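Visitor: Here is my input, please return the structure:
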Amino acid sequence: MIRILLADDHAVVRRGLAAMINEQPDLEVVAEATDGEEAVAAAALTEPDVALLDLSMPGMDGIEATRRIVAAHPGIHIAILTSFAERNMVLSALDAGALGYLLKDAESTELVASIRILAAGNSPLAAAAARALLPEVAERRAEGIISEREREVLALVAVGCANKEVARRLEISEKTVKAHLTRIFRRIGVYDRVQAGIWARENGMLAGS
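Guide: Next up is the predicted model:
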């Protein structure tokens, strides 16, 4: 069961999302919050697998709440769930430690799939959010955005190695592999291993390419 914290200051929106999520046999909303401070407290109390945080809330916003939750509970995977997809907002969320950026107008099937992607430690990005990052991705690609170690991790992932195998080959922990992948996904503008593999091939990062 994927346990979810849901934070939104609009009660109608929050309750509607909770009802939709709880209809799924593998998803359960274990806590609701109306602002960032409540979200931080609820995260500490319930330790959910996933947190969906609204961007604009009274008092502490979703960005600051994300930063605090990630610092205290790195195992909680966070996505911002909002109506806005401006580039600076997306970047602020990802820089604060969010793994995903989702939009409230998404179809219910898309949102549910994104929650499962997030729970697995991957990075779901709404299409509009991904498009907003394209200038940033292009700029960073030109500068060489991936470190040598991240290149090694990505090359192994691209040929189908699981995190455990990557860790064994590079003599690092699985936790470190996951941290590298989180940074890689964010920097190259993708949200899962498949897209990362495609990016690696397109950018000549596989052995012999």
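Visitor: Flag the shaky bits of this protein, pLDDT-wise.
Guide: 130-145, 206-209 (pLDDT under 70).
Visitor: Recalculate using a threshold of 80.
Guide: 86, 127-147, 187, 189, 191, 201-209 (pLDDT under 80).
Visitor: From what I see, Arg186 and Gly97 are in contact.
Guide: No: counting by Cβ atoms under 8 Å, Arg186 sits too far from Gly97 to count as a contact (9.8 Å). Just so you know, the C-beta spots here come from the backbone N, C-alpha and C atoms, and that holds for glycine as well.
Visitor: how does this structure divide up, domain by domain?
Guide: 2-132, 144-202 (automatic domain parsing).
Visitor: Can you lay out those as CSV showing mean neighbour count?
Guide: Shown next, in CSV, are the domains of the chain (neighbours: other Cβ atoms under 10 Å):
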stretch, mean neighbour count
domain 2-132, 19
domain 144-202, 17
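Visitor: What ranges does this structure have for its strands?
Guide: For the chain, the strands defined by DSSP state E cover 2-7, 27-33, 50-53, 77-82, 100-103.
Visitor: Run through the neighbouring helices and strands of the last one.
Guide: What it means is strand 100-103. On a contact count with 3 or more Cβ pairs under 8 Å, 6 or more residues apart in numbering; DSSP states H and E, strand 100-103 meets strand 77-82, helix 87-96, helix 108-119, helix 127-143.
Visitor: can you do 10 Å?
Guide: With contacts taken as 3 or more Cβ pairs under 10 Å, 6 or more residues apart in numbering; DSSP states H and E, strand 100-103 sits against strand 50-53, strand 77-82, helix 87-96, helix 108-119, helix 127-143.
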